[in-house]
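1. starting from these lines, generate the structure:
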Amino acid sequence: MTNNSIRFRLAEPPDAAAIRDIVRAAYAKWVPVIGREPLPMRANYEKAVAEHPLDLAVADGHIVGMIETIPAEDHLWIENVCVAPHAQGRGIGRLLLERAERKALEAGHSEIRLLTNGAFEANVSLYKKHGFVIDREEPFMGGMTIYMSKKLPR
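-> The predicted model follows:
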């Protein structure tokens with residue numbers, strides 16, 4: 001699978017089960033780290049698909065990644081971004097983040113924001129590598145939530 005073989009499309013209601021499966025697989029590695037299922041593993045993806053856009057990365061007819069964004073008044077919120085374990089390390093996450101940046105700019109926003117668990121050190125490093133900065137940290141469920149943002153060029 002190359003980046004050229006990746007196509008993107010908006011999720012539709014029938015995609016909810018596949019999205020849930022990918023999210024559960026992608027986040028499963030964090031369960032032993034934090035001692036519980038990360039919140040995205042428990043989300044209602046039927047509701048998410050109905051309420052706001054989820055962009056899907058598709059390769060060979062199979063969903064391999066997703067990014068769930070929610071428009072806010074002054075920024076675009078990234079609710080969730082993940083890539084199926086077998087497709088990780090191929091730049092799909094970067095492509096999904098770039099899609100969010102384009103969506104934000106098209107909506108007139110100059111910033112994207114997200115949060116992650118502080119124990120997910122690889123994710124924090126990845127976001128920093130892609131230009132995000134830590135805005136604040138807050139205790140949550142025995143851990144630390146890291147709020148991050150990225151200013152976008154206008």
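2. flag every buried residue along the helix or strand encompassing Tyr27.
-> Using DSSP states H and E, Tyr27 falls within helix 16-27. Judged by neighbour count (16 or more other CB atoms under 10 Å), helix 16-27 contains these buried residues: Ala16, Ala18, Ile19, Arg20, Ile22, Val23, Arg24, Ala26, Tyr27. For every residue, glycine as well, the C-beta is placed using N, CA and C.
3. OK, contacts around the first one?
-> Translated: Ala16. When contacts are counted by CB atoms under 8 Å, 6 or more residues apart in numbering, Ala16 touches Tyr45, Glu46, Ala48, Val49.
4. returning to that earlier point: want to throw the buried residues of helix 16-27 into TSV with pLDDT and distance to Leu152?
-> Converted to TSV, these look like this (pLDDT from 0 to 100; distance: CB to CB, whole Å):
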residue	pLDDT	distance to Leu152
Ala16	97	30
Ala18	96	30
Ile19	97	26
Arg20	97	30
Ile22	97	27
Val23	97	26
Arg24	97	31
Ala26	96	25
Tyr27	96	27
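5. show me the contacts for Arg94.
-> His130.
6. confirm Ile78 sits in a helix?
-> No - counting by DSSP: H, G, I helix; E, B strand; the rest coil, Ile78 is not found in a helix; it is strand.
7. spatially central residue in the chain, please.
-> Centroid-nearest residue in the chain, with CA atoms, centre = their mean: Val81, separated by 1.2 Å.
8. around the spatially closest residue to Glu111 that is not a sequence neighbour, how many other residues sit close by?
-> Nearest non-adjacent residue to Glu111, counting by CB to CB, 6 or more residues apart in numbering: His75, 4.2 Å away. For His75, the count of nearby residues is 19 (other CB atoms under 10 Å).
9. my read: His75 touches Ile112, true?
-> Yes - between His75 and Ile112 there is a contact at 6.2 Å, judged by CB atoms under 8 Å.
10. shared neighbours, these two?
-> Joint contacts of His75 and Ile112 (CB under 8 Å, 6+ apart) are Ala104, Ser149.
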